[in-house]
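# sequence plus predicted model, see below.
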Amino acid sequence: MFFDRNDFATQYSYQHQKSNLEREKAFYEKENESIIETITDIRSDQREVQRIAREKYKMKKENEDVYIVTEVEPKEEN
């Protein structure tokens, strides 16, 4: 058996890297579609701009109180 770039271990490593890169590509394509959809919504609907400002950037109107509710996962006891 020879150890060069065509041996089994190297080919396995290449396939592993390829599958990781394909997963990353799919993730970023999905994120890109989501961002494009959000941009389209913002351009067509002023209420969408307010919704994003409130949810993502925690902005509020004058004389308005904002309460942020988060879930806390219970700690496991040993």
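Thanks, I have the structure now.
# assign the most centrally placed residue in the chain to helix, strand or coil.
Central residue of the chain (Cα atoms, centre = their mean): E31, 6.0 Å from the mean position. Three-state assignment for E31 (DSSP: H, G, I helix; E, B strand; the rest coil): helix.
# residues making contact with the helix or strand where I52 lies?
Under the criterion DSSP states H and E, the helix or strand holding I52 is helix 46-57. Here helix 46-57 makes contact (Cβ atoms under 8 Å, 6 or more residues apart in numbering) with T38, D41, I42, M59, K60, V66. To be clear about C-beta, it is placed using only N, CA and C from the backbone, and glycine gets the same treatment.
# try it again with 10 Å
The contact list for helix 46-57 (Cβ atoms under 10 Å, 6 or more residues apart in numbering) reads T38, T40, D41, I42, R43, D45, M59, K60, K61, E64, V66.
# please name the nearest non-neighbouring residue to the first one.
Spatial nearest neighbour of T38, excluding adjacent residues (Cβ to Cβ, 6 or more residues apart in numbering): I52 at 7.2 Å.
# how close does the one you found sit to E77?
40 Å (Cβ to Cβ, to the nearest Å).
# mind checking which of the two has more residues around it?
With neighbours defined as other Cβ atoms under 10 Å, I52 and E77 compare such that I52 has more, 14 against 4.
# any idea how far Y67 is from the more buried one?
On the measure of Cβ to Cβ, I52 and Y67 end up 19 Å apart.
# swap in Q11?
Applying Cβ to Cβ to Q11 and Y67 gives a distance of 56 Å.
# which one of the two has more residues nearby?
Q11 (11 against 4).
# tell me the contacts of the more buried one?
Per Cβ under 10 Å, 6+ apart, neighbours of Q11: R5.
# out of the contacts of helix 46-57, which one sits closest to N6?
T38 (45.7 Å; Cβ to Cβ).
# check which helix or strand the closest one maps to.
Applying DSSP H and E, one finds T38 within helix 8-44.
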